[in-house]
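Engineer: task: produce atomic coordinates for the following.
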Amino acid sequence: MTETVLVKAAAIFDGDTLHTGAGLLFGPNGLERISPVESVADNTRIIDFGEDCISPGFVDLQVNGGGGIMLNDTPSVETVRRIAEAHWSLGTRHFLPTLITDTPETTEAVIAAVIDAVGETVPGVAGLHLEGPHLSVARKGAHDAAYIRPMEDGDLETLLQAAKQLPALLVTIAPENVSLEQVAALSKAGVVVSIGHSDADFDTVMAYAEAGALCVTHLFNAMSQMGNREPGVVGAALASGNLSAGLIADGIHVHPDMIRIAWDAKQEPGKILLVSDAMAVAGTTDDSFELDGRKILRAGGKLTLENGTLAGADLDLLTAVRVLVEQVGIPLADALNAATKTPFDLISKAPFQVVGMPADDFIRISKDLKTTMPLTLG
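Structural biologist: Residues are numbered from 1 along each chain as shown. Coordinates of the predicted model:
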C-alpha cells in the first residue's frame, strides 16, 4: 500500500484507551498514528466503519484446539496452522497453542511442531503453552492422571532448550510436582511459569511467586479455593502483585459476581487476563470431540466429559469481553485490555504498541459485541 488511509469508527481502542472522534491513519509501514478525523490531509482516503469499534486483535494464551482438531491429536505444523486459522476467524491475532497433559513423546513432538510453525511464520503463533504434565492429580480436572508426574532433570532441560527456540514459552505447573529451584531455573531462562491444577496453600504459592512464577492458570478452576483461614491458590493469585491470572469468562467457569469481586481485589502490577481455553470445536458447529480417547460433549455453551466434568471451554475472546461488559460491569476499555495488551505484556519481551502495527493485526468489533471482522483497507 502506497497511499495514506484513515479508518474511522465510533471507537478506536489502542490497548489502554478508547478514542472517539478519531481514526487510524495507515501508511506504507502500518499504523502511523491515531489521528483526529479533521486533521488529515485532503488527499487521504477515508474508510468509515460507522458504529463499529476498532481494536488490536485478541491475544489468547490458552488455545487447546480449534477447527475440529486438538493440538494433542497430531502434533504437526499443519495442525497448528488449522488451529490458527480457526481462531483468526474469531478475532484472535496472536495465540499460544496449548498442549494438555500428555506423554513425554507427544510433548517433545509438540515443541518441535510449534518451533517449525514459528519458523514458517504460521499467522498468529506467538509461542507455546504446555499445560502439564507436572500438575496435581488431586486437581487434575479433565487432564489424564496417568500422564501426570513430577518434573525431573530431563524435563527441565527439555523446557530450557525449548525456551531458547521459541518466542514465548508458558508452562503451567503445580508446586506439588515442581520444586522452587526448578521454577527459578525456568524463570531465569525466560519461561513464563504459571501455577495451576494445584491444591497448594497460600504460603506455598506466594513462595513460588517469589521464586519467579508470574501467573495463575484459569483462576478459580482446578485449584484450592479461598477460605477464611486458608486463602489457597485463589487468594494468593489476588493478593500477590507478582502474579497475573488467566480467566475463563464464559459465565460458567466463574460466576459473574465472583469475577467482579476478583477484579476489584486483584493486586497489581499483576492483572487478570482473558483466555478462551478453547478446544477442538472452536470455529466449528461440532457437538462433540475426543480427548485421549474420552468423548467431550458440547451443549449449553459448555464442554464436559460424559461424567459432567468441565473440559475446556466453548468460548472465544469476544464472548469473554461481552460477558465482562454486560454481566460483570467492567468498562469496555478494561475488558479489551484484558484480551489484548495484558496477555501480550505477560509473554512478550517487547512493549505493546499499536504504531507500526499492520492493518491485518486489527479487528472490527460490532456495536453489540457479538461479531468480529478483519480490518480490510481495500
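
Engineer: next up, the contacts around residue 245.
Structural biologist: 215-216, 219, 237-238, 262, 266, 270-273 (Cβ atoms under 8 Å, 6 or more residues apart in numbering). For every residue, glycine as well, the C-beta is placed using N, CA and C.

Engineer: again with residue 70
Structural biologist: By Cβ under 8 Å, 6+ apart, the residues touching residue 70 are 64, 100, 279-280, 289, 291.

Engineer: farthest pair within the residues you listed?
Structural biologist: The span of the contacts of residue 70, defined through Cβ to Cβ, is set by 100 and 289 at 12.4 Å.

Engineer: for residue 222, give me phi and psi.
Structural biologist: Residue 222 adopts backbone torsions of phi 60, psi 50, taken as degrees, to the nearest 10.

Engineer: hmm, back to that, ok, and the most crowded of the contacts of residue 245?
Structural biologist: residue 237 (31 neighbours; other Cβ atoms under 10 Å).

Engineer: where does the protein dip in pLDDT?
Structural biologist: Under the criterion pLDDT under 70, the flagged ranges of the chain are 1-2.

Engineer: contacts for the longest helix that it contains next, please.
Structural biologist: Counting residues, the longest helix found in the chain (DSSP state H) is helix 104-119. Applying Cβ under 8 Å, 6+ apart, the contact partners of helix 104-119 are 71-72, 75-77, 79-81, 84, 97, 99, 102, 125, 127-128, 130, 133, 155, 158, 162, 165-167.

Engineer: inside strands: which ones of the residues you listed?
Structural biologist: Among the contacts of helix 104-119, the residues falling in strands (DSSP state E) are 97, 99, 128, 130.

Engineer: and residue 189, backbone torsions?
Structural biologist: Main-chain dihedrals, residue 189, degrees, to the nearest 10: phi -80, psi 0.

Engineer: number of nearby residues for residue 276?
Structural biologist: Number of residues near residue 276 (other Cβ under 10 Å) recorded here: 32.

Engineer: so who does it touch?
Structural biologist: 60, 62-63, 87, 92, 248, 282, 313, 315-317, 320.

Engineer: residue 63 too?
Structural biologist: By Cβ under 8 Å, 6+ apart, residue 63 lies in contact with 71, 83, 87, 92, 95-98, 129, 276, 278, 282.

Engineer: let's see it at 6 Å
Structural biologist: Shown in contact with residue 63 (Cβ atoms under 6 Å, 6 or more residues apart in numbering): 87, 95, 97-98, 278.

Engineer: hmm, back to that, would you format the ones in strands among the contacts of helix 104-119 as JSON lines with distance to residue 12 and neighbour count included?
Structural biologist: Output for those, formatted as JSON lines (distance: Cβ to Cβ, whole Å; neighbours: other Cβ atoms under 10 Å):
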{"residue": "97", "distance to residue 12": "30", "neighbour count": "29"}
{"residue": "99", "distance to residue 12": "36", "neighbour count": "25"}
{"residue": "128", "distance to residue 12": "32", "neighbour count": "27"}
{"residue": "130", "distance to residue 12": "36", "neighbour count": "28"}
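
Engineer: only alpha carbons, please: show the longest helix of the chain as CSV.
Structural biologist: C-alpha atoms of helix 104-119 as CSV (Å, rounded to 0.1, in the frame of the first residue of the first chain):
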residue,chain,number,x,y,z
PRO,A,104,6.9,-37.1,27.0
GLU,A,105,7.0,-38.2,23.4
THR,A,106,3.9,-36.1,22.5
THR,A,107,5.3,-33.1,24.4
GLU,A,108,8.6,-33.3,22.5
ALA,A,109,6.7,-33.6,19.2
VAL,A,110,4.5,-30.6,20.0
ILE,A,111,7.6,-28.5,20.9
ALA,A,112,9.2,-29.4,17.6
ALA,A,113,6.0,-28.7,15.7
VAL,A,114,5.5,-25.2,17.2
ILE,A,115,9.1,-24.3,16.7
ASP,A,116,8.7,-25.3,13.0
ALA,A,117,5.4,-23.3,12.8
VAL,A,118,7.1,-20.2,14.1
GLY,A,119,9.9,-20.8,11.6
